[in-house]
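J.: Pasting a predicted model and its sequence here:
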Amino acid sequence: MLLRNDILEYPEPEAKKIRILWMHPEQPAAFVIDIDKKDALPEIMQQHALQSDLDSGRAKLLVNDPYLLILEESCIPQNRKQIRDKAWKIIAKLVIVEPKIYHTAYRGKEVAGCVEAGLATKPTIYLYLRRYWQRGQTPNALLPDYDNSGGRGEARSPSDSKRGRPRTLGDQTGINVSEEMRKIFRVGVTRYYVMQSKFTLRGAYDQMIKDFFCERTINPETGAITHSHNDETATAGFPTFGQFSYWLEQDNDRLDIKRKRLKPRIYDKDLRGLIGTSNAEVWGPGARYQIDATIADVYLVSRLNRHKIIGRPVLYIVIDVFSRMITGIYIGLEGPSWVGAMMALANTASDKQAFCKQFGRIIEPEEWPCRHLPAILLGDRGEIEGSLIETLINNFNITVETAAAYRADWKGIVEQRFRLLPAKFKAHVLGYIDVDYRARGGKDYRLDAVLDLDQFTQIIIECVLYCNNQHEIKRYDKDRDLATDNIPAVPIDLWEWGIANRSGSLRQYPEDLVRFSLLPVAEAMVTVNGIRFQGSFYTCQKALEERWFDRARQGGNWKVKISYDPRNLDELYLHNSHVSMQFQTCTMTERSRAYRHLSLWEIAQQQQAEQQVSARRQPRQQLASADLAASIENIVANAVEQRGESSTESAASRTKNIKVHRAEEKLSNRESETFRFGTDKPANTKSASILPFRGAATDDYCEPNIMEILSSLEDDRAKD
């Protein structure tokens, strides 16, 4: 069924498009007009002929009207609206008289009357009527076609005459930008502006002119380099900076250039459009936590000596994505690493009432009801990517996700808390770093430090309690259920609503088991001296009861699995191979007392220092060993020389009286070894020869040998 304003397209050879202007309600007649013909006027056709053309395929019905305009009235420029309204005022009374206006005689008479009334000329009136009928019979059909004027976006063909306004300054006429010159512009933009961020746009233009539009001359005597016009620019001059900027906009995407200059990772993090939302990835509290760390902008003092400045603390925050509840924190001196993340995750699963009590803050359980582990944890690659977190993953079925490098925007929720928390305390805290820190003439805020680590932790706890219980999130994107229940965008209210309506009971585990799962896992060696790990030795009740060290001495060493806290290696935690998540505490033995109260890093440094000292002594020890061998060889040579010629006695005769010779040598030694006090007699003075009386053998006070014992037993038997 044909309708008013339908367009029928006829292919070759007719090649025309006609619009149905009016259809008689009772008779089979219709008025149509060719929409592409410049001098077209309404024609009468039979409706059944039009329908027959459609049915036979001779014509087809256009679905999309090429002249249909749907415009917001406020978007139409005022001058165009004035032209439209003027034209509509002239023809409005004519076009409503249907179907008479489509008849040539009536239309001519009415147009002549308008001309006599001074409304417009005849060609103008027919132009308005034709445009109105061809373009859909709406007032907006009378809008001027200014969009087709000027050839916007089309490059002009170069010619000998200079395009654009003539120059008023200087003698050169200027140069037209040709296709070859545009290629040079594109090379200059890419080579100097895009690839080298140090160049400004003006600097890239200057470098392009130097490299592509100048002749380079080197003075053979001085080596000086000079530049001059080349043949192309000698008369017309260089392309202007305005031409360079214009064609940069025409031939390049300015945002794409900016992305390449800044590097994609920086552009995507700081300047890209934001169309997603983190809430679309979660169903309720505990579905996803985000963890991140920052160096707090405040200097602290030591708790041991408040005149000593210890630098800026590390602040870790764990936050629930759905409710924006801060579920765990860590404030300490451990750098952003697995150790700091481990402490924050341990705090996530801990009792917050007991935690706050450690710092003198008494709270009710409902003020900070977060002691649960998430289903998904999102953090940085450097901290939670690797084997250290695998125990936590396997024991508690946590999915760990890592953000791409340099993409802090993937953790936008927790990053926002690093701005929100300092905003609450920076005006009241001494030692907080302001924007002029380290600027010329700026204040040294380190000297204002008065807070220690515990006091700063107290401030962070107060800020967390405020953010969790009172802070309203203005731009929180609620889903339909939250909006229907009129839940305020306060973290504690979102948390409680989410548990009641979405997540249900969250996953809660014993704190000791969570902490144990967060500790790094390694292998230690059972040896005769104890359980050896990183050069230190440990023992435990199980090892003593099962006599591990005896077995190691007799049967060899073996390995066991342990967990350890790298901040202090005084204790190890021995895994139970038969029962998962069970462990025994191993303590350091006296053999390793030099390493007590030291961290893994400090122990490694001390061992390295010892090895360094040993390595430095090695050459001297080697030389001393050589000197020792030489001394021994010299002494042996002297002894051989003193012995003289080899004895002619038999071996039996030489070994026959060893005991007697020994006794004689012993008597001689006693004379020189005896302690004498108050005498200056030299030790090598020879005594007079004394002839002993025959009688009982003198006791030499030495232990009897086996032959003497047997002889004594025979004498006793003889007496009996």
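T.: Nice, thanks for sending it over.

J.: The spatially closest residue to Ala489 that is not a sequence neighbour in helix, strand or coil?
T.: Spatial nearest neighbour of Ala489, excluding adjacent residues (CB to CB, 6 or more residues apart in numbering): Tyr476 at 3.8 Å. Yep, even glycine has a C-beta here, placed from its N, CA and C like the rest. At Tyr476 the chain is in coil, as set by DSSP: H, G, I helix; E, B strand; the rest coil.

J.: Surely Tyr476 is in contact with Arg324?
T.: Yes - Tyr476 lies in contact with Arg324 (CB atoms under 8 Å); the separation is 7.3 Å.

J.: okay, and the common contacts of these two?
T.: Both Tyr476 and Arg324 are contacted by Leu494, under the criterion CB atoms under 8 Å, 6 or more residues apart in numbering.

J.: neighbour count winner among the two?
T.: Arg324 (25 against 17; other CB atoms under 10 Å).

J.: Would it be right to say that the more buried one lies in a strand?
T.: No - applying three-state DSSP, one finds Arg324 to be coil, outside a strand.

J.: And the pLDDT at it?
T.: Note on Arg324: pLDDT of 89.

J.: Give me the distance between Phe199 and Leu315.
T.: 39 Å (CB to CB, to the nearest Å).

J.: whoops, Asn347 was the one
T.: 12 Å.

J.: Same check on Asp65?
T.: For Asp65, the distance to Leu315 - CB to CB - is 63 Å.

J.: what about these two, which has more around it?
T.: Leu315 (26 against 14).

J.: does the more buried one belong to a helix or a strand, and which?
T.: strand 314-320 (DSSP states H and E).

J.: Report the buried residues of that strand.
T.: Within strand 314-320, the residues scored as buried using 16 or more other CB atoms under 10 Å are Val314, Leu315, Tyr316, Ile317, Val318, Ile319, Asp320.

J.: okay, the residues you listed in a markdown table with distance to Trp558 and pLDDT next?
T.: Shown next, in a markdown table, are the buried residues of strand 314-320 (distance: CB to CB, whole Å; pLDDT from 0 to 100):
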| residue | distance to Trp558 | pLDDT |
| --- | --- | --- |
| Val314 | 39 | 87 |
| Leu315 | 43 | 87 |
| Tyr316 | 38 | 88 |
| Ile317 | 43 | 88 |
| Val318 | 39 | 91 |
| Ile319 | 44 | 90 |
| Asp320 | 45 | 90 |
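
J.: Just the closest of those residues to Ile83, please.
T.: Ile319 (58.8 Å; CB to CB).

J.: my guess is Ala552 contacts Arg532, does it?
T.: No - judged on CB under 8 Å, Ala552 makes no contact with Arg532 at a distance of 9.9 Å.

J.: Name the spans of the stretch 301-450 of the chain whose pLDDT lies under the cut-off.
T.: The stretch 301-450 of the chain contains residues with pLDDT under 70 at 381-388, 404-415, 417-420, 423-424, 426-427, 431, 434-442.

J.: cool, the stretch 1-150 of the chain as well?
T.: 148-150.

J.: For it, which segments are assigned as strands?
T.: Taking DSSP state E, counting those that start in this stretch as the test, the strands found in the stretch 1-150 of the chain are 7-10, 16-23, 29-34, 43-46, 60-61.

J.: Export the ones you listed to a markdown table and append columns for distance to Lys86 and mean neighbour count.
T.: Formatted as a markdown table, these follow (distance: least, CB to CB, whole Å; neighbours: other CB atoms under 10 Å):
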| stretch | distance to Lys86 | mean neighbour count |
| --- | --- | --- |
| strand 7-10 | 27 | 18 |
| strand 16-23 | 23 | 20 |
| strand 29-34 | 23 | 20 |
| strand 43-46 | 28 | 14 |
| strand 60-61 | 34 | 12 |
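
J.: Pull up the distance across stretch 24-35, start to finish.
T.: Taking CA to CA, to the nearest Å as the measure, stretch 24-35 stretches 20 Å from start to finish.

J.: whoops, I mixed them up, stretch 73-82
T.: 12 Å.
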